[in-house]
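Chemist: Turn this into a model:
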Amino acid sequence: MIDGSIEKLVNYALAQGLIEECDRVWAENALLNALGLDSFTRPETAEEQSDLEPILAELIAYGVEHGLLDDSITEKDLFDSRLMGLLTPRPSEVIRRFRALYAESPEKATDYYYRLSRASDYIRTYRVVKDLKWKSATEYGELDITVNLSKPEKDPKAIAAAGRAKASGYPKCLLCREAEGYAGRLDYPGRSNHRLIPLKLNGEDFCLQYSPYVYYNEHCIVLNQRHVPMKIDRAAFNKLLDFVELFPHYFLGSNADLPIVGGSILSHDHFQGGHYTFAMARAEIETPLTFKGFEDVQAGIVKWPMSVIRLRAGDKLRVAELAEKILKAWRGYSDPSVTVFAETDGEKHNTITPIARRRGTDFEMDLVLRNNLTTEEYPLGLFHPHQELHHIKKENIGLIEVMGLAVLPARLKNELKELEELIVTGGDISASESCAKHAAWVEELKARYTFTAENTEDILRQEVGVVFMKVLEHAGVFKRDAAGHAAFLRFAESVR
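Modeler: Next comes the predicted model:
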């Protein structure tokens, strides 16, 4: 049986273009070594395979049975990454192929690289498809909602084993250049099948890769080859615009560089992008702005729940120059009338989440104003989801959410299903340990809807989107009312 499983994996690699026919014996022997075997009989009938998950499941089961790994999610992931790494082309081959295709068109190059990242199982497609995804209509357009199920939870045995393991500072974080080909360990994912594409942005060395947990089409990460902290400045704007010049079919954005309003990894300079159009990119300018000395740059306030200034011009340097001027003005700006403070007790609060894209031959950049002030009433952040929304979303609002895609916790899959059953059967929601947090929300919905067995799921999904819209409104520093709009205009006028 194990010979058949090995051959199925080799045939999969051939079908996906990971290896060529002349690599067959070499690939078989590499897998034999990884599985602790010293002999092999090729099956007489070669079984074609396009579905990777069951093939890996067979090989993992063999490894567990023969003591090559423990029966834990973490060790299984490390093991199958190692197997796939043996069949993934070397970095030099990948880079050569990418550059040759880029000479034909940037889109052909990224198409190849994305297919490779999926075929090599770096992107575990069979897990990503398990994520719940839908769209919710709002006054700002259709927001994307996803309940993230693709990132496996570590089991207690793996957590305990990682605690006993010797601490390592290599690679320094999950985004480090040194992760390419790294076998991984109990506290660091296997990256044997990981390949990177080197880039130059603003004269610095960066790498392109895809996110293993793709939240949208061709969700990519662009990381600094040095382990240096995130920083929003003129150089960051230049890097974003350089990237969309190289890859006009992609957008690229950055998380903010402060806690609460920033991403989960602020210690390593990186950006996120991809081949996808978010609701924010489809939103129109509702209030045009003109900045003195930059009359050649179209500017305006975007109709969006957060506070966004959009810049657009054919000259990327002019866009970056005006973006820097706005950033510098915002860093030091306070308006007590709307509880915006640049700093308190020496702690700075203002920063920007920037997103760059192309519009034909023009360069476009959205500057999302952020502030991480905390108060006694809102200890997690004044411009952060408030407590009444935490039953749906409590986590930081990073770049992806800013653009209109909710990344919601996995717990909601079961909670929404249970809520649906309780609503339809008339059960006591407040008595449910997992769903009691949603009771007040459901009571409010019952005042507006007549629930039936046929419509309850659709109503709950739509209203989750409405909650996410409110989350974004809470994160907006200038509220979408008369006072907030006037305050937004005062800031724009302060930019000199």
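Chemist: Every contact and neighbour count from this point should use C-alpha atoms.
Modeler: Noted.
Chemist: The residue most central in space within the chain: which element?
Modeler: Nearest to the geometric centre of the chain sits Y215, at 5.6 Å (C-alpha atoms, centre = their mean). Under the criterion DSSP states H and E, no helix or strand holds Y215.
Chemist: how much space is there between it and F271?
Modeler: Distance, Y215 to F271, by C-alpha to C-alpha, to the nearest Å: 15 Å.
Chemist: Ok, E180 next?
Modeler: Shown here: E180 relative to F271, a distance of 18 Å by C-alpha to C-alpha.
Chemist: Look at those two and report which has more neighbours.
Modeler: Taking other C-alpha atoms under 10 Å, E180 and F271 do not tie; F271 has more neighbours (22 against 17).
Chemist: still on that earlier bit, which phi and psi values does the residue nearest to the centre of the chain adopt?
Modeler: phi -90, psi -10 (degrees, to the nearest 10).
Chemist: same question, L367
Modeler: Main-chain dihedrals, L367, degrees, to the nearest 10: phi -110, psi 110.
Chemist: Who does it form a beta bridge with?
Modeler: Per DSSP bridges, the residues bridged to L367 are I309, P354.
Chemist: I'd assumed W330 was in contact with it.
Modeler: No - the criterion here is C-alpha atoms under 8 Å, and L367 misses it with W330 at 10.7 Å.
Chemist: Where do the helices of the stretch 351-496 of the chain begin and end?
Modeler: Assigned by DSSP state H, counting those that start in this stretch, the helices in the stretch 351-496 of the chain fall at 399-402, 411-425, 439-446, 456-475, 482-494.
Chemist: The last one: how far from the chain's middle?
Modeler: I take that to be helix 482-494. Mean C-alpha position of helix 482-494 versus that of the full chain (C-alpha atoms, centre = their mean, to the nearest Å) differs by 32 Å.
Chemist: Can you get me the start-to-end distance on stretch 252-267?
Modeler: 19 Å.
Chemist: May I see the buried residues of it?
Modeler: If you call a residue buried by 16 or more other C-alpha atoms under 10 Å, then stretch 252-267 has these buried ones: 252-258, 260-263, 265-267.
Chemist: again, but for stretch 57-72
Modeler: L59, I60, A61, Y62, G63, L68, L69, D70, D71.
Chemist: and the second one, what element?
Modeler: Using DSSP H and E, the secondary-structure element containing I60 is helix 52-65.
Chemist: So which residues make contact with that helix?
Modeler: By C-alpha atoms under 8 Å, 6 or more residues apart in numbering, the surrounding residues in contact with helix 52-65 are 2, 5-6, 8-9, 12, 35, 69-71, 76, 79-80, 126.
Chemist: what about E347, neighbour count?
Modeler: Counted with other C-alpha under 10 Å, E347 comes out at 10.
Chemist: To clarify, my last question referred to W441.
Modeler: W441 is flanked by 15 other residues according to other C-alpha under 10 Å.
Chemist: got it, and R480?
Modeler: Applying other C-alpha under 10 Å, I find that R480 has 17 neighbouring residues.
Chemist: The nearest residue to it once chain neighbours are set aside: what's it in contact with?
Modeler: Excluding its sequence neighbours, the residue lying closest to R480 (C-alpha to C-alpha, 6 or more residues apart in numbering) is P305, at 7.1 Å. Residues near P305 by C-alpha under 8 Å, 6+ apart: Y140, M469, K470, L472, E473, G476, K479, R480.
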